[in-house]
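1. build the 3D model from these lines:
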Amino acid sequence: MTNTISSPVSGTVIPLADVPDPVFAEALVGPGTAIDPEGPSTVTALAPVSGTLSSLKPHAFVIATESGQGVLVHLGIDTVELKGEGFTLHVEVGQTVNAGDRLITWDTTPARNSGRSLVVPVVALEADVESLTVIAEGVVSAGEQLLELG
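-> Numbering: from 1, shown residues only. Have a look, this model is predicted:
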């Protein structure tokens, strides 16, 4: 069975190894890729897969698919330190979402002004690197296919 993971935000696809955080760069939480959101200061994060919102913070979320696979999206690096500033949540933990649903609106100005990276890691939790294929390169729009897991 193959699961397609869509890009939660628009931007440029970069290797996970290039994320300026060793937890992500070394794939300690799982394999994936990352998006460098370019352009407007407001970013809308969409659900990359359909499933249940198993974790939700202002700066990050995890969706558990029907097959039990978790997909983590982290908006920026060290953005937890902003204590929610710049993030507007449109969903709640436990909610069922469909791929493409709007989950979080992110005003990147506070993160940018504090010198934080805006890079958005997209990670398949508890997955084998061999089972994940990055199918997008260059610039990707939110909602376009990004990864295949299978």
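
2. where does the chain dip in pLDDT?
-> For the chain, applying pLDDT under 70 flags the ranges 1-2.

3. now do the strands in the protein.
-> For the chain, the strands defined by DSSP state E occupy 3-6, 11-15, 32-36, 42-46, 51-57, 60-64, 70-74, 87-89, 96-97, 102-107, 120-124, 132-134, 139-140, 145-149.

4. what's the longest one packed up against?
-> The elements that strand 51-57 packs onto, with contact taken as 3 or more C-beta pairs under 8 Å, 6 or more residues apart in numbering; DSSP states H and E, are strand 60-64, strand 96-97. Any C-beta I mention is one placed from the backbone N, CA and C, and that applies to glycine too.

5. neighbouring strands of the shortest one in the sheet, and parallel or not?
-> According to DSSP bridges, the neighbouring strands of strand 96-97, each with its direction, are strand 51-57 (antiparallel).

6. list the buried residues for the partner strand?
-> Neighbour counts over strand 51-57 (16 or more other C-beta atoms under 10 Å) mark 51, 53, 56-57 as buried.

7. then stretch 137-150 to PDB, C-alphas only?
-> Provided in PDB are the C-alpha atoms of stretch 137-150 (Å, rounded to 0.1, in the frame of the first residue of the first chain):
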ATOM      1  CA  GLU A 137      11.600  18.800  -6.500                       C
ATOM      2  CA  GLY A 138      12.200  22.500  -7.000                       C
ATOM      3  CA  VAL A 139       9.200  24.700  -6.200                       C
ATOM      4  CA  VAL A 140       6.000  23.000  -5.000                       C
ATOM      5  CA  SER A 141       2.600  24.400  -4.200                       C
ATOM      6  CA  ALA A 142       0.600  23.500  -1.100                       C
ATOM      7  CA  GLY A 143      -1.500  20.400  -1.900                       C
ATOM      8  CA  GLU A 144       0.800  19.100  -4.600                       C
ATOM      9  CA  GLN A 145       2.300  15.600  -4.100                       C
ATOM     10  CA  LEU A 146       5.500  15.600  -2.100                       C
ATOM     11  CA  LEU A 147       6.300  12.200  -0.800                       C
ATOM     12  CA  GLU A 148       5.300   8.600  -1.300                       C
ATOM     13  CA  LEU A 149       5.300   6.100   1.600                       C
ATOM     14  CA  GLY A 150       4.900   2.500   0.800                       C
END
